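Chemist: generate coordinates for the sequence data below:
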Amino acid sequence: MVQQTLEAPVVEQRVPMTYQEWLLWPESQTRRSEWVDGAAIVFMPPKLPHALMTTFLARLIADFSDRHDLGQVIASPAEMRLPASAREPDIFFVKTENLWRMTPERLVGPADLAIELISADSVTRDRRDKFQEYAAAGVPEYWLVDSRPGQHRADFYALGPEGLYEPIPLDAEGRFASGVFPGFWLDPAWLWQDPLPKPRDLLRRIVPDAV
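Modeler: Numbers count the residues shown, from 1 in each chain. As a prediction, the model looks like this:
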């Protein structure tokens, strides 16, 4: 199993309750929260750079997915119901053949790809807790993007035959190729540009005949 290097944890607000209580909890409608192992976890809303990165990645992979009719890309807040938790990945993707798992309220079962953008209060949650949960639930691919000042790190994982995440190596040109999106590749250097590049311009590089 891949060993994750964790920073000092940030205290989270945990409120004991059942899943049904969390669904009806008024505060869950006004603050970001997830439900895990019998408690609601409330955390800080994302800052602007986090939101910009979420929009950038969601647009890039959604444009690629739409071009090839691969499935549905969804950005937070949207629930992914797993056996012992209700998580809200920053972005998740569901292949066309798995869209039956989606109801008007949530995705029931694992997405085909989950993407988490690390913030100051989510390091342990994303690198340890969700890393283990998503693997156990059978999410085939997991991307972790840390664009905080001084970090600039992107990690990509695929579910191995033992049911554990294994790192996806970059190619000889330093690019990441996804197993979930055949033909899609990403240069991690794009993630650290300021301002972020236009997804439509990158799509022309990924798919040279893209309009």
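
Chemist: which stretches in this structure count as strands?
Modeler: 13-16, 33-36, 39-42, 71-75, 80-82, 85-87, 91-95, 107-108, 113-117, 141-146, 153-159, 165-167, 176-177, 185-186 (DSSP state E).

Chemist: want to throw those strands into a markdown table with distance to residue 65?
Modeler: From N, CA and C alone the C-beta is placed, and that goes for glycine too. Output for these, formatted as a markdown table (distance: least, CB to CB, whole Å):
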| stretch | distance to residue 65 |
| --- | --- |
| strand 13-16 | 35 |
| strand 33-36 | 25 |
| strand 39-42 | 29 |
| strand 71-75 | 6 |
| strand 80-82 | 17 |
| strand 85-87 | 21 |
| strand 91-95 | 7 |
| strand 107-108 | 15 |
| strand 113-117 | 10 |
| strand 141-146 | 13 |
| strand 153-159 | 17 |
| strand 165-167 | 22 |
| strand 176-177 | 15 |
| strand 185-186 | 13 |
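
Chemist: out of the ones you listed, which gets nearest to residue 49?
Modeler: Residue 49 lies closest to strand 113-117 among the strands of the chain, at 9.1 Å (CB to CB).

Chemist: return the set of buried residues in the closest one.
Modeler: Within strand 113-117, the residues that qualify as buried are 113, 114, 115, 116, 117, counting by 16 or more other CB atoms under 10 Å.

Chemist: and those as JSON lines, adding distance to residue 188?
Modeler: Shown next, in JSON lines, are the buried residues of strand 113-117 (distance: CB to CB, whole Å):
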{"residue": "113", "distance to residue 188": "16"}
{"residue": "114", "distance to residue 188": "18"}
{"residue": "115", "distance to residue 188": "13"}
{"residue": "116", "distance to residue 188": "15"}
{"residue": "117", "distance to residue 188": "13"}
